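> mind looking at a prediction? Sequence and model below.
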2 protein chains.
Amino acid sequence: MATDTDAGDLEFFFDFISPYGYFASERVLALAAQLQRRVRWRPFHMRAVMKDHLGVTQAMSDVPLKGAYVRRDVRRTAELHGFPYAPAPTAGFSSVTAARVFYLVQAHDAQQAAAYAQAVFRSHHARGISPNTWAQCASLAQAAGVPDGVVDEGVHGGLARDRFRQATEDAVAAGVWGTPTLRIDAELFWGFDRMDAVAAWVRHAERNRESR
Amino acid sequence: MATDTDAGDLEFFFDFISPYGYFASERVLALAAQLQRRVRWRPFHMRAVMKDHLGVTQAMSDVPLKGAYVRRDVRRTAELHGFPYAPAPTAGFSSVTAARVFYLVQAHDAQQAAAYAQAVFRSHHARGISPNTWAQCASLAQAAGVPDGVVDEGVHGGLARDRFRQATEDAVAAGVWGTPTLRIDAELFWGFDRMDAVAAWVRHAERNRESR
């Protein structure tokens, strides 16, 4: 299945469980405005990509040295950028349901989908509440303005599962292997700390085209 | 063994084989000048850390998806920053001898050691010549102003081996698990793309101290 992404979109691939994904979600709209692009939010299943494609089963936080580094770096990054950060335990959050519900909201309204995604990120990473159940996610969708019925599990649960699985396959097909990853003009940029590089590269590519 | 690093130094941990280490080597002196710190160059054995501490034996370039991403990102980063980039094959470079020679040069003269390290990086990553042999490394040291005899393998080979092994142990003890990593005021920053964050964090920490 082809994605319905416009060629000029800024695609934002992430897993709700990722703290750097949360940080990116707090800046992606400003970056898109600066570049005059539309954001396409694309939650995917990071754990499935790690297991099925990278051959990794160990969570990054459990890797010696690296885990300690990341825990410190996440807190430092939040402090430096002024992002509220008070996460619920990572082990207690399965981001699958939140992502499935996302795709129902997105099929209904793109702006509400962005608001819902930000609400999911903030709930787990800044308010210490992991939205694990369909009811919790539906409640966040409702707060984002989504009408009753759009995220009805009994009616749309199967579609939501299919869309999320497809999104993960699309991410891998696009070359995505980590969260967050931004994709623009067929270029991938992995990591929250590469968001400045995205703007620099797009300007660089534009200058190159103009000077031809 | 304690390191002879001064508390205020900007420690630069790297493996000569790392392209992002090369990029960092081209910017680290400017960063140190901006922060009014002295750079302490600290080549270590990345492959040993991966094997002994991270449980990783596969080179990053061989990991599916990730390898393709890194190859593209390295070329893009070089282009964006204007770094000359024409590397010899990674598989044909063992950085161990170059790093051992480095520690002999450093024991003799810190400024010559910095010039030698930059020359090793540029040789492999920008001129397509991997300095694998002691003679090649001694020649780069000589070009950096190091007198004959300082890097004599027959006389100092054992000391060079010990210093390099110790440097790798020191890196791990400091929490280093990737290349390049910058360490300043007991904070670690992994990756070339974090060099801007180093300056931002140091200024942030200084403001916090002043406002107390």
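That came in fine, so what should we check first?
> contact residues of chain A facing chain B?
Counting by C-beta under 8 Å from any C-beta of the partner chain, the residues of chain A lying close to chain B are A:49, A:53-55, A:63-66, A:68-69, A:72-73, A:76-77, A:79-80, A:172, A:175-178, A:187-191, A:193-194, A:196-197, A:200-201, A:204. All C-beta atoms are positioned from the backbone trio N, CA, C, and that covers glycine.
> kindly write the PyMOL command that selects the buried subset of those residues.
When burial is assessed using 16 or more other C-beta atoms under 10 Å in any protein chain shown, the buried subset of these is captured in PyMOL by this command:
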select buried, chain A and resi 49+53+54+63+65+66+69+73+76+77+172+175+176+177+178+187+188+189+190+191+193+194+197+201
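> can you tell me which of the residues of chain A next to chain B are in helices?
A:49, A:66, A:68-69, A:72-73, A:76-77, A:79-80, A:172, A:196-197, A:200-201, A:204 (DSSP state H).
> where does pLDDT dip in chain A?
In the predicted model of chain A, residues A:1-5 satisfy pLDDT under 70.
> again, only this time at 90
Within chain A, the segments meeting pLDDT under 90 span A:1-7, A:51-64, A:148, A:196, A:206, A:209-212.
> for residue A:98, give me its contacts.
For residue A:98, the contacting residues are A:16, A:43, A:120, A:131-132, A:137, A:140, by C-beta atoms under 8 Å, 6 or more residues apart in numbering or on different chains.
> what about it, which helix or strand?
helix A:96-108 (DSSP states H and E).
> buried sites along that helix?
If you call a residue buried by 16+ other C-beta under 10 Å, then helix A:96-108 has these buried ones: A:96-106, A:108.
> among those residues, which one sits closest to chain B?
Using C-beta to the nearest C-beta, residue A:99 is the member of the buried residues of helix A:96-108 that lies nearest chain B, at 19.6 Å.
> enumerate every residue touching the nearest residue to the closest one once chain neighbours are set aside.
Ranked by C-beta to C-beta, 6 or more residues apart in numbering or on different chains and with sequence neighbours excluded, the top spatial neighbour of residue A:99 is residue A:43, at 4.0 Å. The contact partners of residue A:43, by C-beta under 8 Å, 6+ apart, come to A:13-16, A:95, A:98-99, A:102-103, A:117, A:164, A:167.
> can you list phi and psi of residue A:43 for me?
Backbone torsions of residue A:43, given as degrees, to the nearest 10, read phi -60, psi 140.
> how far away is it from residue B:75?
With distances defined as C-beta to C-beta, to the nearest Å, the gap from residue A:43 to residue B:75 amounts to 29 Å.
> ditto for residue A:69
Computed as C-beta to C-beta, the residue A:69 to residue B:75 distance reads 27 Å.
> same check, this time on residue A:114
As for residue A:114, its distance to residue B:75 is 33 Å (criterion: C-beta to C-beta).
> of these two, who's got more company?
Per other C-beta atoms under 10 Å in any protein chain shown, whichever of residue A:114 and residue B:75 has more neighbours is residue A:114, with 21 against 13.
> nearest residue to the more buried one in space, please, no chain neighbours.
Leaving aside its chain neighbours, residue A:114 sits nearest to residue A:41 (5.9 Å; criterion: C-beta to C-beta, 6+ apart).
> my guess is that neighbour is in a strand, correct?
Yes. Counting by DSSP: H, G, I helix; E, B strand; the rest coil, residue A:41 falls inside a strand.
> pretty sure it contacts residue A:111?
No. Under the criterion of C-beta atoms under 8 Å, residue A:41 is not in contact with residue A:111, lying 10.6 Å apart.
> who has more neighbours, the two?
Under the neighbour definition other C-beta under 10 Å, residue A:41 and residue A:111 were set side by side, and residue A:41 has more, 22 against 11.
> wait, what's in contact with the more buried one?
With C-beta under 8 Å, 6+ apart as the criterion, the residues that contact residue A:41 are A:12, A:14, A:102, A:106, A:113-114, A:117.
> show me those that map onto helices.
Within the contacts of residue A:41, residues falling in helices by DSSP H are A:102, A:106, A:113-114, A:117.
> report the separation between the residue most central in space within chain A and residue A:176.
The residue at the geometric middle of chain A, judged as the C-alpha nearest the mean C-alpha position with C-alpha atoms, centre = their mean, is residue A:14 (2.7 Å). When C-beta to C-beta is applied, the distance between residue A:14 and residue A:176 equals 10 Å.
> where do the contact lists of the two overlap?
Taking C-beta under 8 Å, 6+ apart as the contact rule, residue A:14 and residue A:176 both touch residue A:44.
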